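Enquirer: how would this look folded up:
(one chain, ligands or ions: 1)
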Amino acid sequence: MKIAFFDTKPYDKPSFEKFGQENGVEFKFFETKLNEDTAELAHGFDGVCAFVNDTVNADVIDQLYSMGVGVVALRCAGFNNVDMKHAFGKVHVLRVPAYSPYAVAEHTMAMLLTSIRRIHKAYIRTRDYNFSLAGMTGFDLHGKTVGVVGTGRIGQVFISICRGFGMKVLAYDKFPAPGLADGENIRYVTLDELFTQSDIISLHCPLTEETYHMIDEAALEKCRRGVVLLNTSRGALVDAEALLNGIKSRKVGAACLDVYEEESDLFFEDYSGHILDDDTLARLISMPNVIVTSHQAFLTEEALSNIAETTVENLVGFFRDGRCPNEVCYRGGSAQDCRDGKCF
Ligand code: NAI
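Expert: Model prediction:
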């Protein structure tokens with residue numbers, strides 16, 4: 001089976017080559033992203049393998065369909081970059097629902113600690129033999145309240161890390177996880193309560209029409225002064241302009257962003273030496289209390305290996321059985337996991 005692999009980075013190849021060779025899947029690695037202009041590269045392939053910032057819109061889907069390419073194997077969990085409604089009946093969309101929730105949850109905590117203990121500042125200072133502590137005062141996490149939006153795989157690992165620090169947890173999820181709340185240190189609350197009572201807010205829910213700009217001006221208005229916002233989920237959960245205004249007005253104490261609404265043309269590429277056109281991102285990055293990483297939270301050896309293994313399993317299973325446990329489909333007005341022809 002031949003698969004066109006888009007948006008290839010050097011760290012992708014070793015694990016995909018290994019699992020591909022072991023299972024008879026031949027990957028052709030393209031550096032370009034998948035979009036309307038590059039979809040034709042998939043001609044003659046059995047499927048495409050795409051990542052978070054590839055574009056799988058109606059035009060791309062139609063091109064794949066007309067070339068007889070019936071499968072889009074996403075090597076990520078989120079599928080907000082796929083027009084699922086348009087894909088229904090034309091291409092099958094497979095994904096990797098979980099590869100390492102620890103990778104993302106640990107990166108979230110790494111960003112939080114870096115930010116509130118000013119590690120990013122200290123690193124630069126001491127390299128310049130500046131051993132002054134002025135302006136470095138942080139705060140203890142112990143006893144603070146963290147609001148966790150989305151208590152799925154990553155949210156739950158993050159909660160357990162936060163509990164290790166002695167933090168109190170307020171959780172919000174459209175579908176609360178049974179048995180997670182303990183009535184004392186972990187409590188489910190409404191989103192408004194979470195906003196008003198949290199010292200730190202961490203987003204771990206998917207990007208949907210419902211969650212788009214969940215953190216906007218109105219939400220920030222409700223938050224505590226000095227709130228620390230963590231977003232390692234999807235950029236468009238946060239209205240970046242509203243966040244910037246919140247930082248400028250000192251309402252937001254710090255922000256740690258691994259994702260950004262307009263990241264698709266920027267993240268994963270080296271633009272050092274270029275002039276950044278995105279004023280909002282440039283201004284956010286210039287703030288001393290904002291830390292931006294470029295969609296890096298997933299990037300651990302364990303996650304890369306799991307991603308490659310599951311993607312190859314998805315493809316092999318799909319071409320053998322005509323179905324895959326990790327297929328996503330669009331039925332009944334929303335995108336859902338689809339196993340053995342049943343939607344979940
Ligand atoms: P998951 O599916 O296990 O958990 C998501 C949770 O969000 C579920 O409990 C679900 O009920 C909840 N949810 C759905 N709609 C909601 C709503 N409207 N309000 C509140 N909660 C809602 O997903 P997982 O594995 O925990 O991943 C979470 C997100 O992390 C993904 O959607 C993805 O966007 C992001 N992610 C980011 C990565 C990175 O490298 N920065 C890597 C992997 C995932």
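Enquirer: residues from the stretch 151-300 of the chain in reach of the ligand?
Expert: Applying Cβ under 6 Å from any ligand atom, we find that the stretch 151-300 of the chain lies next to the ligand at 151-155, 172-175, 204-208, 210-211, 232-234, 258-259, 295, 297-298. The C-beta positions use only the backbone N, C-alpha and C, and glycine is treated the same way.
Enquirer: try 8 Å
Expert: By the rule Cβ under 8 Å from any ligand atom, the part of the stretch 151-300 of the chain lying against the ligand is 151-156, 172-175, 177, 191, 204-208, 210-211, 214, 232-234, 258-259, 295-299.
Enquirer: OK, now which residue of this protein is nearest to the ligand?
Expert: As assessed by Cβ to the nearest ligand atom, the ligand sits closest to G152 within the chain, at 1.7 Å.
Enquirer: one step back: which among the residues of the stretch 151-300 of the chain next to the ligand count as buried?
Expert: Buried residues within those, counting neighbours by 16 or more other Cβ atoms under 10 Å: 151-156, 172-173, 177, 204-207, 211, 214, 232-234, 258-259, 295-299.
Enquirer: got the contact list for the residue of the chain closest to the ligand?
Expert: G152 makes contacts with 173, 177, 204-205, as judged by Cβ atoms under 8 Å, 6 or more residues apart in numbering.
Enquirer: list the buried ones in stretch 87-97?
Expert: For stretch 87-97, burial by neighbour count (16+ other Cβ under 10 Å) applies to 87, 90-97.
Enquirer: tell me how far the ends of that stretch are from each other?
Expert: Criterion Cα to Cα, to the nearest Å; first-to-last residue distance in stretch 87-97 is 18 Å.
Enquirer: just stretch 66-74 next, same as before
Expert: By Cα to Cα, the extent of stretch 66-74 from end to end equals 20 Å.
Enquirer: Now do it, average pLDDT.
Expert: The average pLDDT within stretch 66-74 is 97.
Enquirer: Mind listing what's buried along that stretch?
Expert: 69, 71-74.
Enquirer: Can you name the residues in contact with it?
Expert: Applying Cβ under 8 Å, 6+ apart, the contact partners of stretch 66-74 are 3-4, 40, 42-51, 56, 64, 82, 87, 91-96, 311, 314-315, 318-319.
Enquirer: What subset of these is buried?
Expert: Buried members of the contacts of stretch 66-74, scored by 16+ other Cβ under 10 Å, are 3-4, 42, 45-51, 56, 64, 82, 87, 91-96, 311, 314-315, 318-319.
Enquirer: ok, and which of the residues you listed reach the ligand?
Expert: Answer for the buried ones among the contacts of stretch 66-74 near the ligand: none qualify (Cβ under 8 Å from any ligand atom).
Enquirer: among those residues, which are in helices?
Expert: 64, 87, 311, 314-315, 318-319 (DSSP state H).
Enquirer: Relative to A219, which of these is nearest.
Expert: A87 (31.2 Å; Cβ to Cβ).
Enquirer: The closest one contacts V93, doesn't it?
Expert: Yes - contact criterion Cβ atoms under 8 Å: A87 and V93 qualify, at 5.5 Å.
Enquirer: intersection of neighbour lists for those two?
Expert: In contact with both A87 and V93: 56, 72, using Cβ under 8 Å, 6+ apart.
Enquirer: just for the stretch 151-300 of the chain, where's the confidence low?
Expert: Within the stretch 151-300 of the chain, no stretch has pLDDT under 70.
Enquirer: change it to 90
Expert: Segments of the stretch 151-300 of the chain classed as low confidence (criterion: pLDDT under 90) are 262-266, 268-269.
Enquirer: Please identify the helix or strand for S15.
Expert: Take DSSP states H and E as the rule and S15 turns out to sit in helix 13-23.
Enquirer: middle-most residue in this protein, spatially?
Expert: S233 (3.7 Å; Cα atoms, centre = their mean).
Enquirer: how far away is the nearest residue to that residue once chain neighbours are set aside from D173?
Expert: The shortest distance from S233 to any non-neighbouring residue, by Cβ to Cβ, 6 or more residues apart in numbering, is to L203 (4.6 Å). Using Cβ to Cβ, to the nearest Å, L203 is found at 12 Å from D173.
Enquirer: list residues touching both of these two?
Expert: By the contact definition Cβ under 8 Å, 6+ apart, L203 and D173 are jointly contacted by 149-150.
Enquirer: could you pull out the helices for the protein?
Expert: Using DSSP H, helices in the chain cover 13-23, 58-66, 84-87, 101-116, 119-127, 153-164, 191-197, 217-222, 240-248, 279-286, 301-321.
Enquirer: where does the stretch 1-150 of the chain have low pLDDT?
Expert: Using pLDDT under 90, the flagged stretches of the stretch 1-150 of the chain are 77-78.
Enquirer: interface residues of it facing the ligand?
Expert: 52, 76-78, 80, 97-99, 101, 103-104, 107, 149-150.
Enquirer: farthest pair in those residues?
Expert: Of all pairs in these, the most separated under Cβ to Cβ is Y99 and V149 at 21.1 Å.
Enquirer: okay, now G147: neighbour count?
Expert: Residues within reach of G147, counting by other Cβ atoms under 10 Å, total 27.
Enquirer: where does stretch 16-36 sit relative to the chain's centre, distance-wise?
Expert: Distance of stretch 16-36 from its chain centroid, counting by Cα atoms, centre = their mean, to the nearest Å, is 22 Å.
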